[in-house]
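In: Give the three-dimensional model of this entry:
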Amino acid sequence: MMDRHIQAPLCSETVKELRAGDYVYITGTIYTARDAAHKRMKEALDRGEALPMELKDNIIYYMGPSPAREGRPIGSAGPTTASRMDKYAPELLDLGLKGMIGKGKRTEEVKAAIIRNQAVYFAAVGGAGALLSKRILSSEVIAYDDLGAEAIRKLQVENFPVIVVIDSQGNNLYETAVREYKKL
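Out: Numbering: from 1, shown residues only. Below is the predicted model:
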């Protein structure tokens, strides 16, 4: 396990170097999308329409923020349970998405898509939304404004803290951590 500082969007070389268990600090541009936004993106793809943001090499953070307090770009910004996006994730990964941030386990189909596309799944700490929001420098709604907190946002982040859960080789921290615990 290592501490790593990376830039977003991601490059393939960086993703290949990440290992399950690494502590990562992301600086750059990431996007937010939750259930309703994923459903709309899927519907757009089914109609042959373009998505509201470029997927290639980008990261989607499964998050819907609370309203921003005065002087802040965003409110509390904690992760949403990732499994709610599992029915959409493989297709988005196949279209070039390189990273996802959420909390909780992923299906075998998502894990296979991560390996197939040399991508990565990060976890952000649930319950730490107020602290995570301090790493967000700007927030701009770019699509589906009518969804409120579930609109797609473009975020500029600096040293946004996450942990690699599933790396591009398919190593899964949730599985390896359980095995290590059982050894104790």
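
In: Buried residues of stretch 141-153, list them for me.
Out: Buried residues in stretch 141-153, counted by 16 or more other CB atoms under 10 Å: 143, 144, 147, 150, 151, 152, 153. The way it works is simple: take the backbone N, C-alpha and C, and place the C-beta from them, glycine included.

In: does the last one really touch residue 140, like I thought?
Out: This means residue 153. Yes - taking CB atoms under 8 Å as the definition, residue 153 is a contact partner of residue 140 at 6.4 Å.

In: ranges for the strands of this protein?
Out: 3-8, 23-32, 59-61, 99-102, 120-123, 136-143, 152-166 (DSSP state E).

In: Give me the residues contacting stretch 36-47.
Out: With CB atoms under 8 Å, 6 or more residues apart in numbering as the test, stretch 36-47 has contacts from 33, 50-52, 85, 88, 91-92, 95, 143-144, 147, 150-152.

In: can you tell me which residues contact residue 95?
Out: Residue 95 neighbours (CB under 8 Å, 6+ apart): 45, 51, 55, 56.

In: I'd like to know which of the contacts of stretch 36-47 is nearest to residue 70.
Out: residue 151 (20.6 Å; CB to CB).

In: Read off the pLDDT value for that closest one.
Out: According to the predicted model, the pLDDT of residue 151 comes to 97.

In: residues contacting it?
Out: So residue 151 contacts 37, 141, 143, 144, 145 (CB under 8 Å, 6+ apart).
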